[in-house]
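**Q** Structural data only, the sequence is not supplied:
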Ligand code: HEA
Ligand code: HEM
Ligand SMILES: [Cu+2]
């Protein structure tokens with residue numbers, strides 16, 4: 001008996017490292033604590049009814065954001081472990097094979113399970129409210145997308161506890177990711193975790209595209225759309241074309257590993273370069289997928305906090321559409337060194353450089369919006385102001401990398417690492433933080449304490465520069481990426497040491513944010529009387545905060561770019577909109593199917609990971625049954641009666 005248990009343990013659990021044991025035990029304890037708390041307070045029913053089965057876009061958005069912040073923590077711990085290992089030469093904190101696992105999971109989690117869900121969270125919370133809609137076009141699909149993302153992410157994270165983490169880099173290049181070089185199950189976790197959540201991402205892209213096309217308030221023509229919604233639309237275009245490439249690429253890699261196909265091996269007619277091309281055809285657009293919505297957030301904040309109309313509305317829209325389009329023609333800049341020849345490299349160098357132009361247009365528009373504005377220095381605006389110089393430097397070093405001959409030097413060095421962290425942190429993370437601070441009152445109906453927010457802001461920012469500026473230098477001095485340690489004779493240690501200090505400062509910044517949120521919850525003070533604490537401009541602020549379940553009691557109009565601002569001006573002049581009659585509101589009903597179906601996907605994925613076909617088939621059968629069950633469920637909607645709307649409105653607006 002004991003032998004069998006030992007065998008089981010040695011097959012499924014990563015053994016031998018106290019660090020991993022420690023983490024496993026803490027994950028286990030956390031899980032038990034969560035289950036115990038839910039049971040003790042009898043919250044299972046509440047959890048199921050209000051969250052696990054919800055199809056309300058606002059709640060789905062909040063769940064996305066919570067999941068992504070947890071993933072930011074996990075990815076951040078990975079980052080700090082790497083920085084600790086690199087702080088001094090010849091460190092023995094992470095062994096080389098662990099170092100490989102840690103940068104792989106860090107990169108994958110940060111992009112796919114932190115940035116993507118944060119972005120989808122903001123889409124969900126804001127887009128329907130900004131365009132005056134009652135929900136997204138397909139609320140059921142929206143819930144399904146969330147649960148696919150969530151269980152995909154869980155499957156990926158499970159690799160840490162069972163079976164071993166992937167370790168072939170965040171894009172899992174063959175031949176390293178092939179069975180011959182990575183015989184463990186880590187790569188399978190990578191493939192299935194991303195595959196399952198990727199289907200969710202594609203569905204979200206389609207959902208929001210249809211929502212924006214079909215569900216805008218009357219009067220809201222395309223050139224009246226709020227800028228954040230435009231950014232979401234341009235991102236959805238990229239998702240629509242890029243994600244299917246990822247799905248196919250991972251499916252082919254899976255066939256290589258699982259069925260002995262040879263798409264990406266050099267023998268039997270395959271070619272690893274095919275994988276590299278395919279993965280970057282998704283991977284490059286992916287970085288613009290995550291940054292465009294951040295641009296949208298900055299646009300909203302700049303105009304709200306400068307109390308001015310956004311400068312150059314149309315040029316902003318065209319710049320984003322051009323970036324969406326160009327993002328599909330630059331992928332080969334990630335492998336200039338792979339021998340495609342001068343002509344190919346020149347083509348991709350030029351297309352890459354072209355992207356600097358629309359991006360520059362956007363930067364100048366933000367600056368012109370601020371020019372002569374009455375700027376208020378609240379935290380959302382501070383993150384926006386910090387973003388601009390940071391992103392300019394990060395973008396400029398991107399342009400340096402795009403010079404193909406120079407890239408032969410920069411490629412895979414710490415110069416590259418510094419470039420992409422600068423655009424990803426300075427652009428994406430700062431952007432989503434700004435959005436979170438800006439829309440926090442909208443989501444939860446109370447304000448966060450600014451003081452702790454400012455502490456978080458400064459530690460993050462100072463930490464950022466201290467961490468990543470030295471990396472440009474150490475990159476030029478020859479330090480390459482994915483290096484688990486180095487010697488004293490390299491001359492790199494001082495810069496690395498400084499860099500590690502910066503990384504920990506950012507960690508402190510994160511702790512300040514957690515404290516700020518905890519403090520806000522403790523001192524909770526409802527915003528009942530005013531749903532519009534920033535004196536903002538777009539429709540989401542025209543209704544109470546948090547928004548009622550049905551969003552708008554009566555459908556608003558969207559005739560102006562800053563409709564709510566114009567409305568406030570009209571009201572100040574005593575011009576009120578005509579009283580509209582309330583009507584019963586048509587709403588989608590909650591459903592447990594998205595959650596259950598995603599659990600079956602998880603089971604199928606788990607089966608494929610370990611090559612247990614019976615389990616995979618069981619999972620897929622469950623998915624099929626859920627689909628059939630859904631197609632036979634007719635009771636999917638209901639109406640909210642007028643009385644109830646009246647009661648809700650009265651209580652939310654504080655007059656009861
Ligand atoms: C949000 C993410 C994001 C963003 C926005 C960008 C933006 C850009 N990136 Fe970056 N990049 C990454 C994420 C991102 N990148 C990642 C993750 C990798 C590495 C992946 C890996 O290997 O693991 C990478 C790698 C990478 C490479 C590959 C290098 C190599 O592997 O050797 C190159 C090469 O061309 C490049 C170029 C650019 C350029 C030109 C831009 C441009 O879009 C920047 C445009 C912006 C500006 C230029 C600043 C503002 C403009 C002005 C003020 C106007 C005036 C300026 C000029 C006229 C120059 N990037
Ligand atoms: C919080 C601060 C962060 C620090 C200190 C940090 C640090 C690091 C380090 C040390 C590496 C490994 C470098 C190497 O050895 O090659 C790395 C890789 C990477 N990071 Fe970060 N990181 C941070 C945040 C982020 C964020 C927010 C993102 C994405 C949104 C991100 C995306 C990546 C990616 C894609 C890789 C490449 C992984 C690979 O080589 O496969 N990082 N980071
Ligand atoms: Cu790129």
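**A** Arrived safely. Quick caveat: nothing in here was measured; it's all calculated off a predicted structure. Ligands and ions are numbered 1, 2, ... in the order given.

**Q** List the buried residues for the helix or strand harbouring residue 442?
**A** Using DSSP states H and E, residue 442 sits in helix 430-444. In terms of neighbour count (16 or more other C-beta atoms under 10 Å), helix 430-444 has its buried residues at 430-444. In short, each C-beta sits where N, CA and C put it, glycine included.

**Q** any residue of that helix up close to ligand 1?
**A** No: with C-beta under 6 Å from any ligand atom as the criterion, ligand 1 is not reached by helix 430-444; the gap is at least 9.3 Å.

**Q** hmm, that helix touching ligand 2?
**A** No: judged by C-beta under 6 Å from any ligand atom, helix 430-444 stays clear of ligand 2, getting no closer than 9.5 Å.

**Q** Show me what that helix is packed up against.
**A** helix 57-86, helix 116-130, helix 272-306, helix 379-401 (3 or more C-beta pairs under 8 Å, 6 or more residues apart in numbering; DSSP states H and E).

**Q** Please state the offset of that helix from the chain centre?
**A** 14 Å (C-alpha atoms, centre = their mean, to the nearest Å).

**Q** So is the host helix or strand of residue 245 next to ligand 1?
**A** Taking DSSP H and E as the definition, residue 245 sits inside helix 227-259. No: using C-beta under 6 Å from any ligand atom, we find that helix 227-259 stays clear of ligand 1, coming within 11.8 Å at best.

**Q** So which elements touch that helix?
**A** Against helix 227-259 (3+ C-beta pairs under 8 Å, 6+ apart) you get helix 116-130, helix 186-214, helix 272-306, helix 313-326.

**Q** Give me every residue in the stretch 101-250 of the chain lying close to ligand 2.
**A** By C-beta under 6 Å from any ligand atom, the residues of the stretch 101-250 of the chain that approach ligand 2 are 103-104, 106-107, 110-111, 115, 169-170.

**Q** Kindly apply the preceding question to the chain instead.
**A** Going by C-beta under 6 Å from any ligand atom, the residues of the chain near ligand 2 are 76, 79, 82-83, 103-104, 106-107, 110-111, 115, 169-170, 417, 421, 424-425, 428-429, 467, 481-483, 503, 506.

**Q** mind listing what's buried in stretch 479-497?
**A** 479, 483-486, 492-493, 495-496.

**Q** State the number of residues packed around the closest residue in space to residue 273 that isn't next to it in sequence.
**A** Spatially, and ignoring its direct neighbours in sequence, residue 273 is nearest to residue 338 (6.8 Å; C-beta to C-beta, 6 or more residues apart in numbering). Number of residues near residue 338 (other C-beta atoms under 10 Å) recorded here: 14.

**Q** what does the one 10 residues further on give?
**A** A count of neighbours around residue 348, defined by other C-beta under 10 Å, yields 22.

**Q** Ligand 2 versus that one, what's the distance?
**A** To ligand 2, residue 348 is 20 Å away according to C-beta to the nearest ligand atom, to the nearest Å.

**Q** Equivalent analysis for residue 525, please.
**A** With C-beta to the nearest ligand atom as the criterion, residue 525 and ligand 2 are 31 Å apart.

**Q** now do residue 406
**A** Taking C-beta to the nearest ligand atom as the measure, residue 406 falls 20 Å from ligand 2.

**Q** Could you do residue 198 as well?
**A** Distance from residue 198 to ligand 2, by C-beta to the nearest ligand atom: 16 Å.

**Q** Can you show me the strands along the stretch 551-656 of the chain?
**A** Along the stretch 551-656 of the chain, counting by DSSP state E, counting those that start in this stretch, strands occupy 585-588, 637-640.

**Q** How far off centre is the first one?
**A** It refers to strand 585-588. With C-alpha atoms, centre = their mean as the basis, the mean position of strand 585-588 lies at 29 Å from the chain mean.
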